[in-house]
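Asker: quick one, what's the 3D model for this:
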Amino acid sequence: YVEDSACEEALLLFREVQHKGLTGDKVTMVSLLLACTHLGALEVGMWLHPYIMKKNIEVDVGLGMALKDVMTLTALIVVLAMCGQGNKALEYFYEMQIRGVKPDAITFVGVLVACSHAGLVDERISHFNLMSEKYGIRPSIEHYGCLVYILGRAGRIAKAEELIKNMPMALDHFVLGGLLGACRIHDNLEAAERAAQQLLELLPDNGGSYVILSNRYSSSRKWKKVKRIRELMAERNIKKPPGCILIEVDGVVHEFVKAGFVPNKSEVLFDMDEEEKETALNLHTEKLAITFGLVSPMPGVLIRIIKNLRVCNDCHTATNIISKVYNRETVVMDRNRFHHFKNGSCSCKDFW
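Answerer: Residues are numbered from 1 along each chain as shown. Modelled structure (predicted):
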């Protein structure tokens, strides 16, 4: 179940095993810990530790590392980068070099991601060059994708397109998706059209590409083109993946699938009136899940949420405000990174 990303089913199956009076082995425990990680089920994960001790389940190196959270420097760099602690991640990278530990290709993915989330454009270019010049590591598509992402996010769209053009390997959706996302941020419609066209040729069934391009047309009030994109999606039976939110309350993971401050209405695709736009945005799953967390029987407890899509601007702004008004810390893990909201600000510094 865990290998197939059916983590909730894995936990339910273990519950059945318990009811039958059976005890899992070390492999079961590692799988359960991984399931808790993917679901954000911190309380269940914390419960597993005393359970393992009580049942005298053998703890080997793999399980011990999972329980004690002892990671390699590379894993630590990646985790810090995802949490928005780019500078801290780079400190560990420098420590790695001081210790004489040779970084590998995965390490540099973490380093480049750290530079991305910290907005360190020049440092990222420097580390990208360091990878091949000092360590003889040939950049992969993932490394190029990271560099395209940071150049695009910094507004250097033309530079990012030039890098893509000169890449020594075939394009993939990761690279083009990063460029398309940057075009969304900087409202560069021409570059967005070029990137979307390439992405749709590569992955014609990718619903996200249609939606992002439709959003760009919408923000430019090109309603005929918006309509054409929606028609293409209907003709090709392309559906946008629904937003899904997981939130743990009292040790139980709850799932929200359907989705008053003034919302950012640019996140709505269609030519509708202002009231309809506000209604559409109010149904975003983050807001429903956070509301559920606020009314839970344990006030003041950190709200932890996992989302399968990127957090939109509107929900990000709303969560910032909620964290300040209700004095409630909230951690959201979207498909790209962690966002830690506290006292009206986010760990990503509004750069994601």
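
Asker: C-alpha coordinates for the helix or strand where residue 201 lies, CSV please?
Answerer: Assessed by DSSP states H and E, residue 201 sits inside helix 189-202. Only the C-alpha atoms of helix 189-202 are listed here, as CSV (Å, rounded to 0.1, in the frame of the first residue of the first chain):
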residue,chain,number,x,y,z
LEU,A,189,2.1,35.9,-21.7
GLU,A,190,4.3,35.5,-24.8
ALA,A,191,6.8,33.3,-23.0
ALA,A,192,4.0,31.4,-21.3
GLU,A,193,2.5,30.6,-24.7
ARG,A,194,5.8,29.3,-26.0
ALA,A,195,6.4,27.2,-22.9
ALA,A,196,2.9,25.8,-22.9
GLN,A,197,3.0,24.9,-26.5
GLN,A,198,6.2,22.9,-25.9
LEU,A,199,4.7,21.3,-22.8
LEU,A,200,1.5,20.3,-24.5
GLU,A,201,3.5,18.7,-27.3
LEU,A,202,5.4,16.8,-24.7
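
Asker: show me what whichever helix or strand comes after that helix is packed up against.
Answerer: As assigned by DSSP H and E, the chain's next helix or strand after helix 189-202 is helix 207-219. Contact here means 3 or more CB pairs under 8 Å, 6 or more residues apart in numbering; DSSP states H and E; on that basis helix 207-219 packs against helix 173-186, helix 189-202, helix 223-235. (Each C-beta comes from the backbone N, C-alpha and C, glycine too.)

Asker: for residue 308, see how far away residue 315 is.
Answerer: Taking CB to CB, to the nearest Å as the measure, residue 315 falls 13 Å from residue 308.

Asker: that should have said residue 209, apologies.
Answerer: The value you get for residue 209 to residue 308, if CB to CB is used, is 17 Å.

Asker: compare those two (neighbour count), which wins?
Answerer: Ranked by neighbour count (other CB atoms under 10 Å), residue 209 and residue 308 place residue 209 first, with 24 against 15.

Asker: now the more buried one. Nearest residue, chain neighbours left out?
Answerer: Using CB to CB, 6 or more residues apart in numbering and skipping the chain neighbours, the partner closest in space to residue 209 is residue 199 (4.6 Å).

Asker: what is the burial count for that neighbour?
Answerer: Other residues close to residue 199 by other CB under 10 Å number 24.

Asker: dihedrals phi and psi, residue 102?
Answerer: Dihedral pair for residue 102: phi -80, psi 120, per degrees, to the nearest 10.

Asker: quick one: contacts for it?
Answerer: residue 135 (CB atoms under 8 Å, 6 or more residues apart in numbering).

Asker: next, count neighbours for the nearest residue to residue 173 once chain neighbours are set aside.
Answerer: In space, and not counting its chain neighbours, residue 173 is closest to residue 203: 5.4 Å by CB to CB, 6+ apart. Using other CB under 10 Å, residue 203 has 15 other residues around it.

Asker: going forward, count from 860.
Answerer: Shifting the count to begin at 860 puts that one at residue 1062.

Asker: low-confidence ranges, the stretch 860-1009 of the chain, go.
Answerer: Residue ranges of the stretch 860-1009 of the chain with pLDDT under 70: 862-864, 893, 896-902, 904-905, 908, 917-932, 934-935, 938, 942.

Asker: what about the helices in the stretch 1060-1209 of the chain?
Answerer: For the stretch 1060-1209 of the chain, the helices defined by DSSP state H, counting those that start in this stretch occupy 1066-1078, 1082-1094, 1133-1141, 1144-1153, 1172-1184.

Asker: residue 936: which of those is closest?
Answerer: Closest approach to residue 936 among the helices of the stretch 1060-1209 of the chain (CB to CB): helix 1172-1184, 24.8 Å.

Asker: list the helices and strands the closest one packs on?
Answerer: helix 1144-1153, strand 1189-1192, strand 1197-1201, strand 1204-1205.
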